[in-house]
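*Asks:* Here you go, sequence then predicted model.
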Amino acid sequence: MVRAVALYGLTLVVVVTIVFSLPRGMPGDPIQARTDAAGPDAITDEATRARLLAYYKLDRPLLAQYRNYLGRIVRGDLGWSISRNEPVRDIIGQHLPWTLLLTGTALAVSSATSFAAGIGAAWRRGRARDILMVAAMTGARVLPAYVVATVLLLIFAVSFPVLPLAGAQTPFADYANPVAAMVDIGRYLILPSTALALGQLGGKFLVVRNTTISVLGQDYMLLARAKGLSDRQLKYRHAGRNALLPFMTMLGLHVGFAVSGALFVETVFGYPGMGSLVLDAVKKVDYPLLEGCFLTLAGAVLLVNLIIELVYTRVDPRVSASR
Amino acid sequence: MSAAEAEPPCPSAVVGRSGRAAHRDVGTRRDRRIPVLGWVGFALVLMFVIMGLGASRLAGYRVIELAGKPLRPPSLSHLLGTNLVGQDLATQLFQGARTSLFMAVAAGGGTVVVGVVVGMLAGWTGGPTDAVLLRVMDIFLVIPGLPLLVVLGAYVGPSMTGVAIIIIATAWPATARLIRAQVLSLRPRAHLRASVGFGAGTIQVLRRHVLPEVTLVAVAAFVASAGWAVMIESGLAFLGLGDPLRASWGRTIRDALNFHSLFFSGAWKWWLLPPVLCVALFLLGLTFCGIALEQRVNPRVARHAVAPGARP
């Protein structure tokens, strides 16, 4: 357990270092972005430019900048967005819940579906339904998330406008009660989370199916069957529980995939989450915002991975015993 | 109870572990199915290779050339019509295949080269080197890939080589882990120990004896990495982070979706559909090749595919 925490701590330090060093090598700089003479708040004189560079401490040596940066992150201060003129933490605070909602829903839906479907397919492997499911899941896996998202958008929001086109809730809505708010947000959530879940489904399904097949070939399954256990018991208590372990190790990786997929899906649906924010920050060369976004996303993914690893030792007694 | 007896729910795995009927059933059916899948995949990939290599000859125009009147339906001079500003869509499709092919070969190949070198070193040397390399792989595996790619993409700038390099930078650990595991299983082999005993150095052993053994795994890893590279390239182009001067299926899709009356004019049939199909079919072809290769490479999968307990 200490090992796991140490590993993820080290990873976090690497992430912070990458986050710090990359934007400083990017082409252009944020002050330069505002020297466009046509802009409303153009900076044309060198003195103002120097003053701004000094204000953002961009004129200091890199090492000093790095030390300063680490100190601020430890204090939970992610800096001040240059393009939006707001604290980065506040901007992320507005966007992060939407991404958490979206990826969380998609992960839960895709995990439950793929697990049930994977066991079902393995149980009847070689049959028509299994082959059909493998084909469908492989298809779902190879289609890029943005293509799936676009197709869903076109079918359910453009051709048959039953669901909202873009956004996360009705603009300027004044909800009478919390239930109405939930219904509204849920309606906006259906398409993006389905698109994201569909992209997640294939990989997980194949893992569950393959591990279940190998579990089904074990001697103890033959014994359990010989004892006269019912199909349900065989399927879920014996095969399912054993297939759960490789599935959970996969899940950690899939959290990262889900966050990646959310970037595309949010772009297509105009969902006000972290994905849209990251792209906006890249376009506007906004160092602090980009740093904060990536750091938050990476930190969240690492945290979930750590939790999964800790839970994993609970689910599988053998893991903790071997350490 | 009788229903369960009439139709055993799990024919081969539980009941027929050593049963001849189940053995034959699974064995023959699967043995035939997988090669067909592999051939289909190979044919699909070959089609795109031809399309990509012959792009300049097949395409009648240059990518950014204003080749005709805007928004024309398909005709003899414009096989897939033209887009909003009059660029030839067939040209974009062919040149997009070239971009994807380049990315598949360059980024997929680079990923495998880095992965094989690091994986062999880690697996063979063991000890502290292995521990450090493994940590590095673990660290890079848990960092969410696409946000990192977007940040890196903005950093490197919109160039093909740049995109290829950042794909390699984020994708190599998966391959390295695969190769490392394979090398670990090779380590106790007698001929390797013998060659070390005769005084062969690390590089000599790795090149002469280990490399041939991991080649098949490396080829499978290449197919997987190539698919990943194609997906990421089109994805970055879709997000508007690709090279603006090069054709890319992702960018054609993006342009098509930005055209507001795409679905009222029927233009989606020759503007949106072809690139979407190309991305899907290319990835599907690579996946099929990968599945076929996996059957050859991974003894676990292969064994279960043939028959449980049917070990030679």
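*Replies:* All right, it came through fine.
*Asks:* CA only for contacts and neighbour counts going forward, please
*Replies:* OK.
*Asks:* Scan the chain for its longest helix.
*Replies:* By default, I'm working from chain A. Ranked by residue count under DSSP state H, the longest helix found in chain A is helix A:178-216.
*Asks:* should've been chain B
*Replies:* Max-length helix for chain B by DSSP H is helix B:89-125.
*Asks:* so how far is chain B from A:Ser193?
*Replies:* As judged by CA to the nearest CA, to the nearest Å, A:Ser193 and chain B stand 18 Å apart.
*Asks:* Which pLDDT does the model give that residue?
*Replies:* Looking at A:Ser193, its pLDDT stands at 88.
*Asks:* in terms of contact, does it touch A:Ser110 like I think?
*Replies:* No: counting by CA atoms under 8 Å, A:Ser193 does not reach A:Ser110; the two are 9.5 Å apart.
*Asks:* mind listing what's buried in the strand or helix carrying A:Leu96?
*Replies:* Using DSSP states H and E, A:Leu96 sits in helix A:88-123. For helix A:88-123, burial by neighbour count (16 or more other CA atoms under 10 Å in any protein chain shown) applies to A:88-89, A:91-92, A:95-96, A:98-100, A:102-107, A:109-111, A:114-123.
*Asks:* Run a quick neighbour tally on A:Val301.
*Replies:* A:Val301 has 23 neighbours, counted by other CA atoms under 10 Å in any protein chain shown.
*Asks:* Would you confirm that it contacts A:His254?
*Replies:* No: counting by CA under 8 Å, A:Val301 sits too far from A:His254 to count as a contact (9.5 Å).
*Asks:* could you check the distance from A:Ser110 over to A:Leu277?
*Replies:* For A:Ser110, the distance to A:Leu277 equals 25 Å [CA to CA, to the nearest Å].
*Asks:* for A:Arg127, same thing?
*Replies:* Distance, A:Arg127 to A:Leu277, using CA to CA: 46 Å.
*Asks:* quick one: which of the two has more around it?
*Replies:* A:Leu277 (22 against 12).
*Asks:* List the residues that contact the more buried one.
*Replies:* By CA atoms under 8 Å, 6 or more residues apart in numbering or on different chains, the residues touching A:Leu277 are A:95, A:293.
*Asks:* Pull out the buried residues from the helix or strand encompassing it.
*Replies:* The secondary structure element spanning A:Leu277 is helix A:274-283 (assigned by DSSP H and E). Buried positions in helix A:274-283, judged by neighbour count with 16+ other CA under 10 Å: A:274-279, A:281-282.
*Asks:* Quick check on A:Gly270: phi, psi?
*Replies:* Dihedral pair for A:Gly270: phi 60, psi 30, per degrees, to the nearest 10.
*Asks:* That one and A:Ala166 touch, don't they?
*Replies:* Yes: the pair A:Gly270 / A:Ala166 is scored as a contact, 5.3 Å apart, by CA under 8 Å.
*Asks:* Look up the closest residue to A:Gly299, ignoring the ones flanking it.
*Replies:* Nearest non-adjacent residue to A:Gly299, counting by CA to CA, 6 or more residues apart in numbering or on different chains: A:Leu12, 6.9 Å away.
*Asks:* Shouldn't that neighbour be within a helix?
*Replies:* Yes: the assignment for A:Leu12 (DSSP: H, G, I helix; E, B strand; the rest coil) places it in a helix.
*Asks:* Can you check the pLDDT for it?
*Replies:* 85.
*Asks:* Report the contact partners of it.
*Replies:* A:Leu12 neighbours (CA under 8 Å, 6+ apart): A:298-299, A:302.
*Asks:* any residue of the helix or strand following the longest helix of chain B up close to chain A?
*Replies:* For helix B:89-125, the following helix or strand on the C-terminal side (DSSP H and E) is helix B:127-142. Yes: residues of helix B:127-142 contacting chain A under CA under 8 Å from any CA of the partner chain: B:135, B:139, B:141-142.
*Asks:* Could you give the average pLDDT over the helix holding A:Leu277?
*Replies:* Helix A:274-283 shows an average pLDDT of 83 in the prediction.
*Asks:* Then stretch A:16-23?
*Replies:* Stretch A:16-23 comes out with an average pLDDT of 77.
*Asks:* which of the residues of helix B:127-142 next to chain A has the weakest pLDDT?
*Replies:* Lowest pLDDT among the residues of helix B:127-142 next to chain A: B:Val142, with 75.
*Asks:* Could I get the buried residue list for the longest helix of chain B?
*Replies:* By neighbour count on 16+ other CA under 10 Å, the buried set for helix B:89-125 is B:89-124.
*Asks:* That helix vs helix B:127-142, what angle?
*Replies:* Put simply, helix B:89-125 runs at 150 degrees to helix B:127-142, going by axes from the mean of the first three to the mean of the last three CA atoms, to 10 degrees.
*Asks:* now for helix B:89-125, which elements pack on it?
*Replies:* helix B:20-53, helix B:55-58, helix B:127-142, helix B:160-186, helix B:211-238, helix B:249-258 (3 or more CA pairs under 8 Å, 6 or more residues apart in numbering or on different chains; DSSP states H and E).
*Asks:* ok so, going back, show the average pLDDT along the very next helix or strand once past the helix holding A:Leu96.
*Replies:* Where DSSP H and E defines the elements, the next helix or strand beyond helix A:88-123 is helix A:128-142. Averaging pLDDT along helix A:128-142 gives 82.
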